[in-house]
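1. fold the following.
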Amino acid sequence: MDVRPIRTEADYDAALEAIDSLMGAGPGTPEADRLEVLVTLVEAYEDRRWPVNAPDPVSMIEHVMKARGYRQKDLAALIGSQPRASEVLRRRRALTLPMIRALSTGWNLPTETLVREYELASGP
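-> Below is the predicted model:
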């Protein structure tokens, strides 16, 4: 099996072409093994080249609200009050541990994202 690390865009393009030609390889064949190795190399290259960072907590909450059709009143019911929900969404108040727990259990949001530090709005 002639497989090399992906170091350049040309290497990346060649690996994608090879993957395309190997699609549909039967399980347990040398072609399927080559496909698996190439996919692993491409994924590693893409992770290095174009890393995807997790969103900050407020951005994630906003995204989930939009995707699920939730409104600010739904957030308020979950974390305690309308003013608190407004302050969180406007980045005037940081999420507290009870809010994080409520969001994690109530909306099934990942705690590892909710506990990330993020910028609060400054000023009045």
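2. and the closest residue to Leu120 other than its chain neighbours, helix, strand or coil?
-> Excluding the flanking residues, the one nearest Leu120 by C-beta to C-beta, 6 or more residues apart in numbering is Arg91, at 5.1 Å. For every residue, glycine as well, the C-beta is placed using N, CA and C. Using DSSP: H, G, I helix; E, B strand; the rest coil, the structure places Arg91 in coil.
3. likewise for the one 10 residues further on?
-> Reduced to three states with three-state DSSP, the structure at Arg101 is helix.
4. just the pLDDT at it, thanks.
-> The predicted structure scores Arg101 at 97 on the pLDDT scale.
5. okay, now it: neighbour count?
-> When neighbours are counted by other C-beta atoms under 10 Å, Arg101 registers 14.
6. swap in Trp50?
-> Look at Trp50: counted by other C-beta under 10 Å, it has 7 neighbours.
7. same thing with Met99?
-> Counted with other C-beta under 10 Å, Met99 comes out at 21.
8. which residues does it contact?
-> Met99 is in contact with Ile79, Gly80, Arg84, Val88, counting by C-beta atoms under 8 Å, 6 or more residues apart in numbering.
9. so the residue nearest to Leu120 makes contact with Asp56?
-> No: counting by C-beta atoms under 8 Å, Arg91 sits too far from Asp56 to count as a contact (9.2 Å).
10. what do these two both touch?
-> Applying C-beta under 8 Å, 6+ apart, one finds that Arg91 and Asp56 are jointly contacted by Tyr118, Glu119.
11. how close does the residue nearest the centre of the chain sit to Gly24?
-> Central residue of the chain (C-alpha atoms, centre = their mean): Ala54, 4.8 Å from the mean position. Going from Ala54 to Gly24 by C-beta to C-beta, to the nearest Å gives 34 Å.
12. which phi and psi values does Tyr118 adopt?
-> Per-residue torsions, Tyr118: phi -150, psi 160 (degrees, to the nearest 10).
13. hang on, it packs against Arg93?
-> No: using C-beta under 8 Å, Tyr118 is not in contact with Arg93; the gap is 11.6 Å.
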